[in-house]
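Asks: Structure for this input, please:
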Amino acid sequence: MSALLALIASSIWGVTDFVGGTLSRRIHPLAVAGIGQVLVLPVVAAVVFLLGAQHNPSGWLLWGVIAGVLQPISLALFFEALATGKMGVVAPIGSTGVAVPVAIGLAQGERPAELQLAGIALCVIGVVMASGPEFRSVREHDAPGDARALGLALAAAAGFGGVLYSVARGGHFSAGMTVLTSRVVMLVPLGIAWLVTRSTGGVRPNDLPVLVAMSGGDVLGGGLYSVASGRSLVAVVAVLASLYPVITALLARFIHHERLKVAQILGALGALGGVALITIG
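Replies: You can find the predicted model right below:
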């Protein structure tokens, strides 16, 4: 069940990242990352308290705060990278942040089964292969804009890794309160950004339903991942939840008609093979 929840979360995040990256081509990435979160926050709070998810804050409060600080920064960097680079390449680079919770989990004594370890390795190799063409184009200076997109995606990846680990740790105590706390904390940097710019980043009234749906999906994915990580090994669940680039890349291919290179396609297939091994193991 934990593996299924993590895969559902990954699928949801793949769709929301595609929508967020597409909107960021017209709207400021920070506005894309934040306005929908503000609008869905009352609903999230109501659901969490109705479910009785509030428990002793000593277990989840710190982790919720850390996730809330890292999340908007990482999302803004990632959406900017998606908007300025090739989605099918930027998205896999963003997913490499999974190395953070995996490494910490293994260092803390988590011991996945042999098949699961093989699956984790295959997933990591898959995303590296999917990112390979980007590194080559940067070295050859074929696409000047790619270097900036690559840097932004790598920075976002590190932040996403911290979020994944923090949500997983908080999820052991209260998945709902960890997610809710992170969303409340997110309002601080977003509020500061609004006070400084006094701008909604180009958001139009007809964008609001899409932003709400995107943010609602992001929250739902976070909740599912938190529940899953509270029931299984972080090193395994985090990998499964970080396969969203496959969805993002496929949507970019069929909707934006982005061309993926052979290495990227093989990388995506390798990641799917890794999922199979993790599930079987």
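
Asks: three-state assignment of Pro112?
Replies: Secondary structure assignment for Pro112 (DSSP: H, G, I helix; E, B strand; the rest coil): coil.

Asks: and the nearest residue to it once chain neighbours are set aside, what pLDDT?
Replies: Spatially, and ignoring its direct neighbours in sequence, Pro112 is nearest to Val236 (5.3 Å; Cβ to Cβ, 6 or more residues apart in numbering). No exception for glycine: its C-beta is placed from N, CA and C like everyone else's. Note for Val236: predicted pLDDT of 82.

Asks: was I right about Val236 contacting Ile278?
Replies: Yes - the pair Val236 / Ile278 is scored as a contact, 5.9 Å apart, by Cβ atoms under 8 Å.

Asks: shared neighbours of the two, anything?
Replies: 3, 112, 116, 120 (Cβ atoms under 8 Å, 6 or more residues apart in numbering).

Asks: ranking the residues you listed by neighbours, who comes first?
Replies: Sorting these by how many neighbours each has (other Cβ atoms under 10 Å) puts Ile120 first, at 24 neighbours.

Asks: Now do the closest residue to it other than its chain neighbours: how many residues are near it, please.
Replies: In space, and not counting its chain neighbours, Ile120 is closest to Val239: 5.2 Å by Cβ to Cβ, 6+ apart. By the criterion of other Cβ under 10 Å, Val239 has 32 neighbours.

Asks: One more: Ala46?
Replies: Using other Cβ under 10 Å, the number of residues around Ala46 comes to 10.

Asks: Roughly how far does it sit from Pro189?
Replies: Distance of Ala46 to Pro189, given as Cβ to Cβ, to the nearest Å: 24 Å.

Asks: for Gly267, same thing?
Replies: 33 Å.

Asks: about what we covered before: tell me which residues touch the residue nearest to Pro112, please.
Replies: 2-3, 112, 116, 120, 278.

Asks: Out of those residues, name the ones that lie in strands.
Replies: Among the contacts of Val236, no residue falls in strands (DSSP state E).

Asks: Taking those residues, tell me the two that lie furthest apart.
Replies: Farthest-apart pair in those is Ser2 and Ile120; separation 14.7 Å (Cβ to Cβ).

Asks: Save the shared contacts of Val236 and Ile278 as CSV, and put in distance to Val185 too.
Replies: CSV is the format used below for the shared contacts of Val236 and Ile278 (distance: Cβ to Cβ, whole Å):
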residue, distance to Val185
Ala3, 29
Pro112, 31
Gln116, 33
Ile120, 30
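
Asks: and Ile66, what pLDDT?
Replies: pLDDT for Ile66: 95.

Asks: Quick check: chain neighbours aside, which residue is closest to it?
Replies: Ile66 sits nearest to Ser166 (Cβ to Cβ, 6+ apart), 4.4 Å away.

Asks: buried set for the helix or strand hosting that neighbour?
Replies: Element membership of Ser166, judged by DSSP states H and E, is helix 144-171. Neighbour-count burial for helix 144-171, counted by 16 or more other Cβ atoms under 10 Å, picks out 146, 149-150, 152-157, 159-171.

Asks: And for stretch 58-75?
Replies: 59-61, 63-75.
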